[in-house]
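Asker: when you get a sec, could you give me coordinates for this:
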Amino acid sequence: MTSQGARPARKAVIPVAGMGTRFLPATKAVPKELLPVVDRPALQYIVEEAARAGLPEVLMVTGRNKAAIEDFFDSTPELETALEKKGDAARLDAVRASTDVAQVHFVRQGEAKGLGHAVLQAAAFVGDEPFAVLLGDDLIDARDHLLEQMLEVQAEHGGCVVALLDVGRENIDKYGAVAIEEDTQEGVVTITGLVEKPPVDEAPSSLAIIGRYVLAPEIFEVLRGTAPGRGGEIQLTDALATLVERGEPVHGVVFGGRRYDTGDKLDYLKAVVRLAAEREDLGPALRSWLREFVTELPAEGASSS
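Answerer: Residues are numbered from 1 along each chain as shown. Next up, the predicted model:
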C-alpha cells in the first residue's frame, strides 16, 4: 500500500448497530447514539466531525431497532413548516443542520459479529479508496483536529492510520494495544504490533486504540479472511495486525486533546457538563450553579442526608 497516485479519502463509516445495554432502560426504545449530549445526539457530533474533515459521504452500519437514526437524519417537512410559521428561525436552523450536514447512507449489519464485520459491510460503499471509521462512543472536541491529522498522515504514508491515547498500563486491558517505533514526525508513530484487550502484564505499551481509524481499502480483503477472535467476534484490531505482519504501513497518531467518552454512564454525564459549561448560551449560568453546587457537596464519605 503506497500513497502514490492514491485517491484521497472522501467517505466515512460509522458503526451504530450496538444494543447500548449499558444505558438500559433508556436505550430500550431509543438508540444509544441518539441520547442527547446537551441538545444534540452524540451521533450528530460524529457526523459533523466527519464533514469538517472533508468527508461529505457517510455510511452508517445499523442493526435492528435503529430506524430512529434514519429518521433523525431525514428531512422533516411538517416540523420545518411549523417552525417557519412560528418564526422560530433558530430551531429551524438546528433541525435542518442535522439533515444538511452530510449525505448519509445506511446499510444493515444483520448479525452483530464485531467491529471488523461491521466495517466489512461498507466494502461496496467505499470501493477502492481510503476511508475513515468513526466510533460513536468517542466524541472528539471540534477544536482538536484529530481526524484531519490522521487523513494527512494517511495521504503522506499510505496504508492505515489509527488514533492512540495513553490510558495508563493499568487500563490497557480494556482496549486494543499497540507496539510502536517512534517516528520522526511529532505525535506520529509506526505500529509494529497490535493486540486486542491484552492482560496488563502482557500489553506491549500503554497506548490504546481509540475510536478513529483511516483505513486503506485493502482492509476488506484481510477482514474477509480474519477468523473470529476475542469474544468470538471479527476484530478490526486482528486485521490491522495482519497488515503489520505483511509489512504494510500502519501508523498511529497519539492524541493529547479533548475526548469525551459517551459509552460509559459517568463519562457521559461528564461530557454533558463539560460541553454545556463551555456554551455561550448555557455556560455562564451553569458554571455559576456548579460552583454553588460543589460547595454544598458533603465531604467524601460523609452522609448526604
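Asker: V119: what secondary structure?
Answerer: Secondary structure state of V119, per DSSP: H, G, I helix; E, B strand; the rest coil, is helix.
Asker: now the residue positioned nearest the centre of the chain. Nearest residue, chain neighbours left out?
Answerer: Centroid-nearest residue in the chain: L135, 2.6 Å away (criterion: CA atoms, centre = their mean). Spatially, and ignoring its direct neighbours in sequence, L135 is nearest to G211 (3.0 Å; CB to CB, 6 or more residues apart in numbering). Glycine gets a C-beta too; all of them are placed from N, C-alpha and C.
Asker: correct me if wrong: the one you found contacts L146.
Answerer: No: under the criterion of CB atoms under 8 Å, G211 makes no contact with L146, lying 10.3 Å away.
Asker: find residues that contact each of these two.
Answerer: A163 (CB atoms under 8 Å, 6 or more residues apart in numbering).
Asker: any stretches of the stretch 1-150 of the chain with poor pLDDT?
Answerer: Applying pLDDT under 70 to the stretch 1-150 of the chain flags residues 1-6.
Asker: hey, where'd the helices end up in the stretch 101-250 of the chain?
Answerer: With DSSP state H, counting those that start in this stretch as the criterion, the stretch 101-250 of the chain has helices at 115-120, 123-126, 146-157, 219-224, 236-245.
Asker: a markdown table for the ones you listed, including distance to K32 and mean neighbour count?
Answerer: Output for those, formatted as a markdown table (distance: least, CB to CB, whole Å; neighbours: other CB atoms under 10 Å):
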| stretch | distance to K32 | mean neighbour count |
| --- | --- | --- |
| helix 115-120 | 15 | 24 |
| helix 123-126 | 23 | 16 |
| helix 146-157 | 22 | 20 |
| helix 219-224 | 25 | 19 |
| helix 236-245 | 20 | 22 |
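Asker: out of these, which comes closest to R169?
Answerer: Closest approach to R169 among the helices of the stretch 101-250 of the chain (CB to CB): helix 236-245, 17.8 Å.
Asker: may I see the buried residues of the helix or strand that that closest one is followed by?
Answerer: From helix 236-245 onward toward the C-terminus, using DSSP states H and E, the following helix or strand is strand 250-254. Residues 250-253 are the ones in strand 250-254 that count as buried (16 or more other CB atoms under 10 Å).
Asker: same question for stretch 64-79.
Answerer: 66, 69, 72-73.
Asker: repeat that for stretch 273-285.
Answerer: Buried residues in stretch 273-285 (16+ other CB under 10 Å): 275-277.
Asker: next step: the residues you listed restricted to helices.
Answerer: Among these, the ones falling in helices (DSSP state H) are 275-277.
Asker: reformat those as JSON lines; add distance to R259.
Answerer: Converted to JSON lines, these look like this (distance: CB to CB, whole Å):
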{"residue": "L275", "distance to R259": "12"}
{"residue": "A276", "distance to R259": "17"}
{"residue": "A277", "distance to R259": "16"}
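Asker: any chance of these in a markdown table, with pLDDT and distance to Q109 too?
Answerer: Formatted as a markdown table, these follow (pLDDT from 0 to 100; distance: CB to CB, whole Å):
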| residue | pLDDT | distance to Q109 |
| --- | --- | --- |
| L275 | 93 | 29 |
| A276 | 95 | 33 |
| A277 | 94 | 36 |
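Asker: closest to D173 among these?
Answerer: L275 (28.9 Å).
Asker: all strands for the stretch 201-305 of the chain, in order.
Answerer: In the stretch 201-305 of the chain, the strands defined using DSSP state E, counting those that start in this stretch lie at 207-215, 250-254, 259-261.
Asker: tell me the most buried of those?
Answerer: Burial of the strands of the stretch 201-305 of the chain is given as mean neighbour count (mean count of other CB atoms under 10 Å); strand 207-215 ranks first at a mean of 24.
Asker: tell me what that one is packed against?
Answerer: With contacts defined as 3 or more CB pairs under 8 Å, 6 or more residues apart in numbering; DSSP states H and E, strand 207-215 has these neighbours: strand 131-134, strand 138-140, helix 146-157, strand 160-166, strand 176-182, strand 250-254.
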